[in-house]
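> below is the sequence, then the predicted model.
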Amino acid sequence: MYMQSEEFVEGNAYDTYAAYGSQSHGYNQEEEYGLHSGDPRQDLAYERQYEHQTPTYILPEVIKNFIQYFHKCINEGNLYEINNCYENNFNKLTERFFKNSPWPEAEFVLPHVGNDPLFLILYKELYYRHIYAKVTGGPTQEQRFESYYNYCNLFNYILNVDLPVPLELPNQWLWDIIDEFIYQFQSFSQYRSKLMKKTDDEINVLRLSPKIWNVHSVLNVLHSLVDKSNINQQLEVYAIEGDPDSVAGEFGSHPLYKMLGYFSLIGLLRLHSLLGDYYQGIKVLENIELNKKSVYSRVPACQITTYYYVGFAYMMMRRYQDAIRSFANILLYIQRTKQMFQTKSYQYDMIMKMNDQMYNLLAISLTLHPMRIDESVHSQLREKCADKMLKMQKGDRQVFEDTISFACPKFISPVVPNYDAPKNNYHKEPFMLQLKVFMEEVSQQIMVPTIRSFLKLYTTMPISKLATFLDMSEDDFRNALLCFKHKMKNVVWTKGSSGLEGEFQSASEVDFYIDLDMIHIADTKVARRYGDFFIRQIHKFEELNRSLVKMGPSSKQ
């Protein structure tokens, strides 16, 4: 049970937040917002300073104007301009002035925004995220702690209230907040497990701070956001085509809480998958119909993350057919919308990496469980992974290991390491455990592709003869045939909103039964029926023709 209380995370929220209304900062909105101060010498000098990562105590006009305008937009709730500042201007300024160095510290920004503590929290969220992503050397131990406290303040501000807070942020930013929160927890979990190069002082600080980035705190934040928003109740009503607002409540009807609640469900899927609890990961999404389009998720990065972790969880649960369907659907979506991502470079790299990972996971799933997929996805798969698939079909364990190592998420341990033990790096232990479980499953199926290839060639065959072909004893071959039968039968989702529901199905192209010492083989592959396709197109054409006739000659040009 996750308690929603003032103690759900470490760190104190600001006791009071100043009323933040529209304030004038002397910024002319009618003028086009630019990235220059107007003084070429000042701009050039500032660029040279930041090339060498030299901190400055004087904010140049271009940065000051941007921060003041950003603050004004947030105060006014101008979502369009907030989104423009967040997705475009912030990244352009980062690329120009802070490519590999941090933005100005919050204390230098505060005087320019009227000491607004809420804007300070939002600014710090961007500040620390940039340090994690771009700054050479990554965050220091102190910065990891400070970022955690900042998230505490943000979530305390949102959750520890009796009425919805007067804050509106774009969906993309809300998704990035949840996504980055989990990423930083993942990063800290790995950081604290790498003890080899840490000083005694650093280890002592970690020892004395067990609640910093604690797994229970992270889970509690996500569950608190889900509960506060009533998002599960809204999704249940939405699934039966009812009005979600009827059960949303005061908080759930507010866009900030509704979308944070939805994104927290996806965050819980990701977090449980990182911890190796795939069943629980799928279970938290039981009210999200993965096989239907939803109005709740209009953020492409959220969609892609959802299907990556759902597909991976299905694969590790040996539900290969569902995994293949999940990967194929989202890979087709990426193919069709790739042009949209290219305009957002900060997302494009992440999405393309996840795209490559999913093609590799799809290659593993299709090797273990062959089935027909969309032709355009299959074409891309052949380009990217044809050699790997060929080697995996021949039983090359090393290729299986290399492929899963590249494509899987970075697993984490929910517990702190033993700081009193001899210094060592323990961050790979969770991954090694998951790899061991996966490779045991592969070992059990290693002969299945070979047996399938032989069974395709015959309609009847003595067991002894086929065992001889495979250099196996008859008893071992019988066991391998039983393994083939067992592994080709998977739980497959058929209907309902819960991804855990399903029924046992066999999608193998080859089926067989054993009568005494004889194998009887049946090819169950269904030939493609082209007639149905042409009949459907003829009906569509006739319907179109009837519509044109009804329109009459008056509508003709």
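Right, received. Where do you want to start?
> how about low-confidence regions in the stretch 201-350 of the chain?
291-297, 341-346 (pLDDT under 70).
> one more pass at 90, please.
When residues are selected by pLDDT under 90, those of the stretch 201-350 of the chain lie in 201-204, 206-211, 230-255, 285-303, 317-322, 333-350.
> tell me where it has strands.
Remark: no strands are assigned in the stretch 201-350 of the chain by DSSP state E, counting those that start in this stretch.
> the chain now?
460-462, 489-492, 503-506, 510-515, 518-523 (DSSP state E).
> from those strands, which stretch is densest packed?
strand 489-492 (a mean of 17; mean count of other Cβ atoms under 10 Å). Placement of C-beta: from N, CA and C, glycine included.
> helices or strands up against that strand?
Here strand 489-492 is seen to pack against helix 320-341, strand 503-506 when contacts are counted using 3 or more Cβ pairs under 8 Å, 6 or more residues apart in numbering; DSSP states H and E.
> quick one: the ones you listed as TSV, columns for distance to residue 479 too.
What follows is the helices and strands packed on strand 489-492, written out as TSV (distance: least, Cβ to Cβ, whole Å):
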stretch	distance to residue 479
helix 320-341	21
strand 503-506	19
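> and these, which is most packed in?
It is helix 320-341: most buried of the helices and strands packed on strand 489-492 by mean count of other Cβ under 10 Å, with a mean of 19.
> what about residue 204, neighbour count?
12 (other Cβ atoms under 10 Å).
> I meant to write residue 211 there.
11.
> residue 217 is in contact with that one, correct?
Yes. With contact defined as Cβ atoms under 8 Å, residue 211 reaches residue 217; the gap is 6.8 Å.
> mean pLDDT lowest for which of the strands of the chain?
Of all those, strand 503-506 carries the lowest average pLDDT, namely a mean of 66.
> straight-line length of stretch 233-250, end to end?
End-to-end distance for stretch 233-250, by Cα to Cα, to the nearest Å: 13 Å.
> what do you get for stretch 163-179?
25 Å.
> mind listing what's buried along that stretch?
By neighbour count with 16 or more other Cβ atoms under 10 Å, stretch 163-179 contains the buried residues 164-165, 167, 169-179.
> in helices, which of those residues appear?
Applying DSSP state H to those, the entries found in helices are 171, 172, 173, 174, 175, 176, 177, 178, 179.
> any idea which of these is closest to residue 153?
Of all these, residue 177 has the smallest distance to residue 153: 12.6 Å, by Cβ to Cβ.
> kindly provide the distance from the closest one to residue 395.
45 Å (Cβ to Cβ, to the nearest Å).
> again with residue 364
Residue 364 sits at a distance of 13 Å from residue 395 (criterion: Cβ to Cβ).
> residue 155: neighbour count?
Residue 155, neighbours per other Cβ under 10 Å, totals 24.
> quick check, it in contact with residue 220.
No. Residue 155 is beyond contact range of residue 220, at 9.4 Å (criterion: Cβ under 8 Å).
> which non-adjacent residue is nearest residue 405?
Closest residue to residue 405 apart from its sequence neighbours, by Cβ to Cβ, 6 or more residues apart in numbering: residue 435 at 7.1 Å.
> next: residue 268.
Residue 268 sits nearest to residue 284 (Cβ to Cβ, 6+ apart), 4.3 Å away.
> got it, and residue 315?
That would be residue 323: by Cβ to Cβ, 6+ apart, it lies 4.1 Å from residue 315.
> OK, contacts around the one you found?
Shown in contact with residue 323 (Cβ atoms under 8 Å, 6 or more residues apart in numbering): 311, 312, 314, 315, 361, 365.
> any idea how far it is from residue 450?
22 Å.
> likewise residue 431?
29 Å.
> looking at the two, which is more packed in?
For residue 431 and residue 450, the more surrounded residue by other Cβ under 10 Å is residue 431, and the numbers stand at 19 against 15.
> distance of the more buried one relative to residue 353?
17 Å.
> one more: residue 185?
From residue 185 to residue 353 the distance is 20 Å (Cβ to Cβ).
> the more surrounded of residue 364 and residue 395?
residue 364 (24 against 17).
> quick check: the more buried one touching residue 402?
No. Using Cβ under 8 Å as the test, residue 364 is too far from residue 402 to be in contact (10.8 Å).
> number of nearby residues for the closest residue to residue 155 other than its chain neighbours?
Nearest residue to residue 155, sequence neighbours excluded (Cβ to Cβ, 6+ apart): residue 221, at 5.2 Å. For residue 221, the count of nearby residues is 28 (other Cβ under 10 Å).
> surely residue 221 meets residue 154?
No. Using Cβ under 8 Å, residue 221 is not in contact with residue 154, being 9.7 Å away.
> residues in contact with residue 70?
With the criterion set at Cβ under 8 Å, 6+ apart, residue 70 makes contact with 82, 85, 89, 90, 119.
> swap in 6 Å and give it another go.
residue 85 (Cβ atoms under 6 Å, 6 or more residues apart in numbering).
> equivalent analysis for residue 120, please.
Applying Cβ under 6 Å, 6+ apart, the residues near residue 120 are 106, 110.
> gap between it and residue 290?
38 Å.
> swap in residue 140?
40 Å.
> between those two, who's got more neighbours?
residue 290 (18 against 12).
> how many neighbouring residues does the nearest residue to residue 113 once chain neighbours are set aside have?
Nearest non-adjacent residue to residue 113, counting by Cβ to Cβ, 6+ apart: residue 71, 4.3 Å away. The burial count assigned to residue 71 is 25, neighbours taken as other Cβ under 10 Å.
> go on, residue 451?
Other residues close to residue 451 by other Cβ under 10 Å number 19.
> so it touches residue 484, yeah?
Yes. Using Cβ atoms under 6 Å, residue 451 makes contact with residue 484 at a distance of 5.4 Å.
> right, and residue 463 touches residue 517 too?
Yes. Using Cβ under 6 Å, residue 463 is in contact with residue 517, at 5.1 Å.
> in the stretch 401-550 of the chain, where is pLDDT below threshold?
Ranges of the stretch 401-550 of the chain meeting pLDDT under 90: 413-429, 440-550.
> let's see that with 70 instead.
Using pLDDT under 70, the stretch 401-550 of the chain drops low at 487, 493-509, 523-530.
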